[in-house]
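Enquirer: How does the following fold in three dimensions:
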Amino acid sequence: MAKIVIIGNGISGITAARHIRKLGDDEILVISGETDHFYSRTALMYIYMGHMTYEHTKPYEDWFWEKNQIQLLKAWVADLDHENKQLTTTDGQRISYDRLIIATGSSSNKFGWPGQDLPGVQGLYSYQDLELMEENTKGINTAVIVGGGLIGVEMAEMLRTRHIKVIFLVREKEFWSVVLPKEEARLIGRHIVEHHVDLRMESELEEIIAGDNGRVAGVVTKSGESIACQYVGLTVGVSPNVGFLKGSGLEIGRGVKVDRYFKTNIPDIYAIGDCAEFREPLPNRRPVEQVWYTGRMHGETLAHTLTG
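Expert: This is a model prediction of the structure:
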């Protein structure tokens, strides 16, 4: 019986844990510093909007994990020692493994804009981001959102439910035109405007400005326009969350490099979900696929591999 340790309790890691348990009796430990239990990340917006509570976003009752002999540890992993098959957490715990699955998901992109680390500037990916957004949007009247993807639309809807004015900066000519045909992109753009969002196409962020209190007070676009605001949402995509693994010996490009069996360059270490990068992607597929359903498929597939 092997000890399988999974870093990350998102859809990829938890699907792997569930299916490893269905198929065998290996010891399973899931480590995550984000939350105590797996929750539906796509439901974060509904917590902010008041439609759901955090408890509503958990697909499994809290007793599910002990009943199914899946151990949970709330901690952040700081270091990987693959030669001794050991992890170290930020609070100094040392955890051994026989097989390691890295399922650490993504983190929000930042592209080096001046002021991007000011209080009141943030992305939206994790539960901690949601808590920060609650704090950052208290009592404000104007927000700027940068980036024209799905998370940007979600953030705009969230803010509008609290009657916060939203100015949405999108660098493309049409909304989400990298994915949608022109007619559909225009349709979505019209729909956003109809919901009282100030959508500004072909508008790029140049700089984020601080106020006298040290918090964000506005932005400047590349065309020189100044926009006063008390909040900036950076929704310009995500990148694999692998920074803590640099120097570990793992081969890392954008994400942790894997073959088609999710094997890394180090024996007994695997990577799945948003943080994995295929060395040889399948035809018409991207090396990194940051999508919920592919993450779920990765977890189930790897479970079958690990259990023979």
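
Enquirer: need the longest helix for the chain.
Expert: If each helix of the chain is counted by residues according to DSSP state H, the longest one is helix 292-306.

Enquirer: Leu199 and Arg171, how far apart?
Expert: 12 Å (C-beta to C-beta, to the nearest Å). C-betas here are computed from N, CA, C, even on glycine.

Enquirer: the more surrounded of those two?
Expert: For Leu199 against Arg171, the residue with the higher neighbour count under other C-beta atoms under 10 Å is Leu199, and the figures read 21 against 16.

Enquirer: Show residues contacting the helix or strand hosting that one.
Expert: Secondary structure assignment for Leu199, by DSSP states H and E: strand 198-201. By C-beta atoms under 8 Å, 6 or more residues apart in numbering, the residues outside strand 198-201 that reach it are 165-170, 172-175, 189, 192-193.

Enquirer: Kindly report the same for stretch 223-234.
Expert: Counting contacts by C-beta under 8 Å, 6+ apart, the residues outside stretch 223-234 that touch it are 108-110, 116, 118, 120-124, 133, 136-137, 140-147, 152, 155, 159, 164, 167, 203-204, 208-209, 215-221.

Enquirer: just stretch 145-159 next, same as before
Expert: By C-beta under 8 Å, 6+ apart, the surrounding residues in contact with stretch 145-159 are 45, 48-49, 123-125, 133, 137, 143, 166-172, 175-176, 192, 195, 197, 205, 219, 231-237.

Enquirer: change it to 6 Å
Expert: Outside of stretch 145-159, the residues that reach it under the criterion C-beta atoms under 6 Å, 6 or more residues apart in numbering are 45, 48-49, 124, 143, 166, 168-170, 172, 175-176, 197, 205, 233-236.

Enquirer: I'd like the mean pLDDT over the strand holding Leu199, please.
Expert: Strand 198-201 carries an average pLDDT of 97.

Enquirer: Report the buried residues of the very next helix or strand once past it.
Expert: Per DSSP H and E, the first helix or strand lying C-terminal to strand 198-201 is strand 205-210. Of all the residues in strand 205-210, those buried under the rule 16 or more other C-beta atoms under 10 Å are Leu205, Ile208, Ile209, Ala210.

Enquirer: Please report how far the third one lies from Met1.
Expert: Looking back up the chat, that one is Ile209. Taking C-beta to C-beta as the measure, Ile209 falls 58 Å from Met1.

Enquirer: can you check the last one too?
Expert: Note on Ala210: its distance to Met1, by C-beta to C-beta, is 55 Å.

Enquirer: hang on, isn't Ile269 packed against Arg99?
Expert: No - with contact taken as C-beta atoms under 6 Å, Ile269 and Arg99 are classed as non-touching, separated by 7.6 Å.

Enquirer: related to what we said a few turns ago, quick one: the strand holding Leu199 to chain centroid distance?
Expert: Offset of strand 198-201 from its chain centre (C-alpha atoms, centre = their mean, to the nearest Å): 25 Å.

Enquirer: what lines up beside it in the sheet?
Expert: Using DSSP bridges, the strands paired with strand 198-201 are strand 165-170 (parallel).
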